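> sequence unknown, structure follows:
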């Protein structure tokens, strides 16, 4: 029987291999070269090349001068239909074919026609000129077989509502994630990220590689192997004017902000909303410049009504300066709240090495964690939970902790993230609902546009705080922090919102 099966397999291989060999064109090598000057600073250049019919594999080698002067040239690829991948500055060689590709680049048929090598220039100093060279090899198929997609990323792992703990910001080999592999170091396969999230007890992890979505293949194929941890697709949209995570998208997104492909953020917002996801601005208070190119948020004319979330605590700043350091995003977020915007605070480890769990070089996956109240454990449920505002950031690593707000005003009852409409003089009675905290932990109310009064002798049916709009204020908000007995920040809660009801007598 085994011999019969082997004969069938050999026959099938012969039937499929012969047409590929007959139709494959002779290998072609294309050389592209040019120069970059200060005029190219923070711009994109798309260099065309032709791919003939029958091409089954494309390999690209890229190099440039000027690195000693802090010149940086990132690379990506577009086929005749759109984006094919983006590896930024973390790969000088990549290959793509119909059924296999270097992480950061998408598999699929190699459509004949005009392709473009995309160069992005985050930095080149005044007076500098850099030379680049790209060698592109076009050849026959690599013979790889199609992988089977085993899981739908839209499925729910659990249908019950509850608090879900996760990490909204991690990187793998599909962008600049790397880890030790024996005696060498190289791109870190996504499976290590999934395993680390599971080991950390996370309910979900969003894989947000830079300007690519090729990690979706790993998510689909490996979700069944991690049945307790939801693997959420995403992309860190990395621009010259800031970084933002698109959570829940399953396709490439335009990232060349300031170019004709993405003149403003409006098109990006449209794409993410159409995909049923949300946008979160990452590490907005980091500096932007040669030390950290495009890391802080400097994008002009941002429509904050279309930004669902903001990363107020990033793993790198948490590790080096603490959750309340000048580089954290808390002050940036509070400024938006004070302007009347409703933006949910979240956190993300920004992990780039899933094997490093010590925290010595970077923040491990799940620290900080974001805890979201979701109707179900699915991408759709987590996205809806963040948009509702019922979420808090765990900066201390307290897996069993919860934080919510219970608030009542007349017939209105809301939880964290909800909004009241109040008449003049009308009060809100509220309380922080907490669990799983260390002994001596205390709550810290923080508000804007509200007068907040502790009820000195509340009876069991009363909330310990009362709040009302400050005279002349049209809106306000209140949220709770939780600190330990020594004042160290443990949890950061999102607000409830209050607006003056001008329609009521």
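Structure's in. What do you need? None of these values were measured; they are calculated from a predicted model.
> so residue 403, which state does it fall into?
What DSSP: H, G, I helix; E, B strand; the rest coil gives for residue 403 is strand.
> quick check: closest non-adjacent residue to it.
Counting by C-beta to C-beta, 6 or more residues apart in numbering, residue 403 lies nearest to residue 392, which is 4.5 Å off, once chain neighbours are set aside. For glycine as for every other residue, the C-beta is placed from the backbone atoms N, C-alpha and C.
> was I right to think residue 400 contacts residue 434?
No: applying C-beta atoms under 8 Å, one finds residue 400 not in contact with residue 434, separated by 11.1 Å.
> more neighbours: these two, which one.
The residue with more neighbours, out of residue 400 and residue 434, is residue 434; 19 against 10, by other C-beta atoms under 10 Å.
> which residues does that one contact?
By C-beta atoms under 8 Å, 6 or more residues apart in numbering, the contact set of residue 434 is 401-404, 441, 443, 482, 491.
> would it be right to say that it lies in a strand?
Yes: the assignment for residue 434 is a strand, going by three-state DSSP.
> give the bridge partners for it, please.
Beta-bridge partners recorded for residue 434 (DSSP bridges): residue 403.
> what of residue 309?
When bridges are called by DSSP bridges, residue 309 pairs up with residue 280, residue 344.
> quick one: it from residue 278, how far?
Here the criterion is C-beta to C-beta, to the nearest Å. By it, residue 309 lies 6 Å from residue 278.
> common neighbours of those two, please.
Common contact partners of residue 309 and residue 278 (C-beta under 8 Å, 6+ apart): residue 386.
> for residue 397, helix, strand, or coil?
With three-state DSSP as the criterion, residue 397 reads coil.
> pretty sure it contacts residue 369?
Yes: if you go by C-beta under 8 Å, residue 397 and residue 369 touch, sitting 7.4 Å apart.
> who's more crowded, the two?
Neighbour count, other C-beta under 10 Å: between residue 397 and residue 369, residue 369 has more, with 29 against 14.
> wait, what's in contact with residue 381?
Going by C-beta under 8 Å, 6+ apart, residue 381 touches 156, 164, 374-375.
> can you tell me which two in those residues are farthest apart?
Farthest-apart pair in the contacts of residue 381 is 156 and 164; separation 11.3 Å (C-beta to C-beta).
> identify the contacts common to these two.
Shared contacts of residue 156 and residue 164 (C-beta under 8 Å, 6+ apart): 377, 381.
> and those two? Which one has more around it.
A direct count of neighbours by other C-beta under 10 Å for residue 156 and residue 164 places residue 164 higher, at 23 against 15.
> I'd like to know how many residues surround the nearest residue to the more buried one once chain neighbours are set aside.
Nearest non-adjacent residue to residue 164, counting by C-beta to C-beta, 6+ apart: residue 203, 4.1 Å away. When counting by other C-beta under 10 Å, one arrives at 22 neighbours for residue 203.
> likewise residue 287?
Using other C-beta under 10 Å: residue 287 sits among 11 other residues.
> list the contacts of it.
295-296, 327.
> for the stretch 351-500 of the chain, give me the ranges with low pLDDT.
Scanning the stretch 351-500 of the chain for pLDDT under 70 picks out 457-461.
> at which residues are the helices of it located?
Along the stretch 351-500 of the chain, the segments classed as helices by DSSP state H, counting those that start in this stretch run 379-388.
> quick revisit: got a list of what the residue nearest to residue 164 touches?
164-166, 228-230, 377.
> and those, which of them are buried?
Burial by neighbour count, judged by 16 or more other C-beta atoms under 10 Å, picks out 164-166, 229-230, 377 from the contacts of residue 203.
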